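K.L.:
Sharing a sequence plus its predicted fold:
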Amino acid sequence: DAGITQSPRHKVTETGTPVTLRCHQTENHRYMYWYRQDPGHGLRLIHYSYGVKDTDKGEVSDGYSVSRSKTEDFLLTLESATSSQTSVYFCAISDMGPNQPQHFGDGTRLSIL
Amino acid sequence: RKEVEQDPGPFNVPEGATVAFNCTYSNSASQSFFWYRQDCRKEPKLLMSVYSSGNEDGRFTAQLNRASQYISLLIRDSKLSDSATYLCVVGTGNTGKLIFGQGTTLQVKP
């Protein structure tokens, strides 16, 4: 299995609080991605990174920010969590090249009350 | 129209059956194609890549039809352990971004 660790694995918090999720990889892959998965929507890309300090938005980026100060770490921050951000969050990595797949972490279950 | 569409199922089949899933994609410029498997409350895992020439991995066969823009997955001799959700995934462009279908649920019964 790809060396990807997400933390925390589970979190319950209140509306309006800031939340940071961490993705750590040991594969030295260039590309890292954050997805959320919700019933009826499948996996949707929030943000992705194509190198240290290089990030870009995905299709559902509103309300989220990311940072990547080191190759191995990609942080996802909810500045002021809302109940609509209750979801399962997956980090993925890719050794980008033509037709390369992504490999996923175990996920973080986030509940915002 | 969704970029990647799959029949959500569920497909309920007996052990030993052959089952096929199809997936259609809308972007004719798509360059990479995959099937992922996702077990309940787990992360998606790569099942196989899909090549233009088709490819087979044991009981699993994947086909790509670029002209009709669809991908198929055939599972032969279904096992109980094949019960999962199968995600059709398409890559477009040079950013590595992938588009995921919502998945097709397979339940293999004894």
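P.N.:
Perfect, I can see it now. Numbers count the residues shown, from 1 in each chain, chains lettered A, B, ... in the order given.

K.L.:
Check chain A and tell me which residue is nearest its centre.
P.N.:
A:W34 (2.7 Å; C-alpha atoms, centre = their mean).

K.L.:
give me every residue that touches it.
P.N.:
Neighbouring residues of A:W34 by C-beta atoms under 8 Å, 6 or more residues apart in numbering or on different chains: A:21, A:23, A:45-48, A:58, A:64, A:66, A:74, A:76, A:89-91. C-beta coordinates here come from the backbone N, C-alpha and C atoms, glycine included.

K.L.:
Filter the residues you listed down to the buried ones.
P.N.:
Neighbour-count burial (16 or more other C-beta atoms under 10 Å in any protein chain shown) is assigned, among those, to A:21, A:23, A:45-48, A:58, A:64, A:66, A:74, A:76, A:89-91.

K.L.:
For the residues you listed, could you give me JSON lines that also reports distance to B:S53?
P.N.:
Shown next, in JSON lines, are the buried ones among the contacts of A:W34 (distance: C-beta to C-beta, whole Å):
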{"residue": "A:L21", "distance to B:S53": "40"}
{"residue": "A:C23", "distance to B:S53": "35"}
{"residue": "A:L45", "distance to B:S53": "29"}
{"residue": "A:I46", "distance to B:S53": "34"}
{"residue": "A:H47", "distance to B:S53": "35"}
{"residue": "A:Y48", "distance to B:S53": "30"}
{"residue": "A:G58", "distance to B:S53": "31"}
{"residue": "A:Y64", "distance to B:S53": "40"}
{"residue": "A:V66", "distance to B:S53": "38"}
{"residue": "A:F74", "distance to B:S53": "35"}
{"residue": "A:L76", "distance to B:S53": "38"}
{"residue": "A:Y89", "distance to B:S53": "36"}
{"residue": "A:F90", "distance to B:S53": "31"}
{"residue": "A:C91", "distance to B:S53": "32"}
